Every structure is written in C-alpha cells, then in structure tokens.
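> Need a 3D model of the sequence below.
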Amino acid sequence: MLSSATAEDQKQKAEVAKEKAEILEEKASSEGSKTPPGPTELITKLQAQSVDPTGDEPMDDAITCLARTIYWEARGTSTTGMEVVANVVMNRVGHEGFPETVCGVVKQGQEQGACQFSWWCDGRPDDAKEDESYTTAKDITRKALNRQLKDRTNGALYFHHRKVVPSWSNEYMKTVEIEDFLFYKPAGAKAK
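Numbering: from 1, shown residues only. Purely as a prediction, here's the structure:
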C-alpha cells in the first residue's frame, strides 16, 4: 500500500505528464514531427509510469489512450512490434481524415461496431492486465509523444495482423511488413 505522501507524489507526476502529453499531441497535430520538443516539454519515465498505474483508469488522456492501444494491439510482440502500433496512431494525429488527438484517433468510430482499432470495439473490458506489457506500452507511449520513436512504418496510417485480410487492404499501398503486421497508407495524401 502506498503512503499518502507517495500517492500524492504519484498523482502530481501523473498530472504533469498528462499536461505535457496534451501539449505534445497538439504540436504533433499542427506541426507533425518537424519541431522536436524542448527539454522541459519531455515526459519523463517516472511521469509516464505514474499515469494509469493499474491499467484501469478512464481513457481520457493521451498517455492512457495510446498505452492501451499499444497494449491491446501488440502485447506479446517485441518492443518493435509495440512501437510500430504507436507509429500508426501518431501518424494519424492531425492527418487529414483523422482526429487531432490521440484519444480521438483511438476512439474514432463506435465502441460497438465500426471502429479503427479492434480492441476498442470488441465489447470486452479495456483494462490492461499484464503489468510488464503495460509498463512497456507506457514507456513506448512516452517516447512516441516525445517524438523519440523512429517511424519504421514509412508513414503508415493503417495496419492489420497478417492472419487477417481486411477488405480495405486492397485500397491502400503497403509500406512495410514488420513481424506479424502489415502497414499501409493511401497512394495519395488523403485518408478514408
């Protein structure tokens, strides 16, 4: 059990991280990855890990939304497999045809039915359960928001597991295959 001083410190770190994430996602949506964040804008490891520490808080901030997406879409894969999922979400932020926030991108569509990420609309609980995978997902989230991840997807806006063949996959240009995932982007500049 955490002492009240430790719990308060964790809560304060989480609030700072959420505020920084909001600024970083706003910059990502308006500037893309052109301008790197300054040292005071960067989310630290401790700050990122203090957000949603048990994987069951409401999904209302960029860190939680991105970390849960990485977790549910790529847990059980390597760090690279998890990073490329983060790349797709960040590539969508502010791209024409997609919302300008991480949570907006993740929650685009309906929770039941047509959605962008299968975990979001599968009707099952969205809480993270594996501490180690979720910790890794939050660290990748921190790097993605800090613009410290190399985009191995070559600007992909879509992906799927190689075991499925969605109807939309023929509409886009494949950019790369990484581990169990295939990545795509529109041939032109517009996303659908």
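> isn't residue 174 right next to residue 186, touching?
No. Residue 174 is beyond contact range of residue 186, at 11.7 Å (criterion: CB atoms under 8 Å). Backbone N, C-alpha and C define where each C-beta goes, glycine included.
> Skip ahead from the lowest-mean-pLDDT helix or strand in the chain and say which helix or strand is next.
Ranked by mean pLDDT, DSSP states H and E, the weakest helix or strand in the chain is helix 4-31, scoring a mean of 87. Next helix or strand after helix 4-31 toward the C-terminus (DSSP states H and E): helix 45-50.
> any chance you could read off phi and psi for the most centrally placed residue in the chain?
With distances taken as CA atoms, centre = their mean, residue 66 lies nearest the centre of the chain, 2.8 Å away. Phi and psi for residue 66, reported as degrees, to the nearest 10, are phi -70, psi -40.
> The chain: strands as residue ranges?
Ranges of strands in the chain, per DSSP state E, are 158-161, 173-178, 181-185.
> Pick the most deeply packed of these.
Most buried of the strands of the chain, by mean neighbour count (mean count of other CB atoms under 10 Å): strand 181-185, with a mean of 21.
> Can you spell out which helices and strands pack onto the least confident helix or strand of the chain?
Counting contacts by 3 or more CB pairs under 8 Å, 6 or more residues apart in numbering; DSSP states H and E, helix 4-31 is packed against helix 45-50, helix 62-74, helix 131-145.
> The longest one: which residues count as buried?
Of the residues in helix 131-145, those buried under the neighbour-count criterion (16 or more other CB atoms under 10 Å) are 133-145.
> picking that back up, double-check the residue nearest to the centre of the chain against residue 87; I have them as touching.
No. At 10.9 Å, residue 66 does not count as touching residue 87 under the criterion of CB under 8 Å.
> Next, show the common contact partners of those two.
Common neighbours of residue 66 and residue 87 (criterion: CB atoms under 8 Å, 6 or more residues apart in numbering): residue 144.
> check contacts around the residue lying closest to residue 145 once chain neighbours are set aside.
Closest residue to residue 145 apart from its sequence neighbours, by CB to CB, 6 or more residues apart in numbering: residue 24 at 4.5 Å. Contact partners of residue 24, counting by CB under 8 Å, 6+ apart, are 37, 41, 43, 62, 145, 146, 147.
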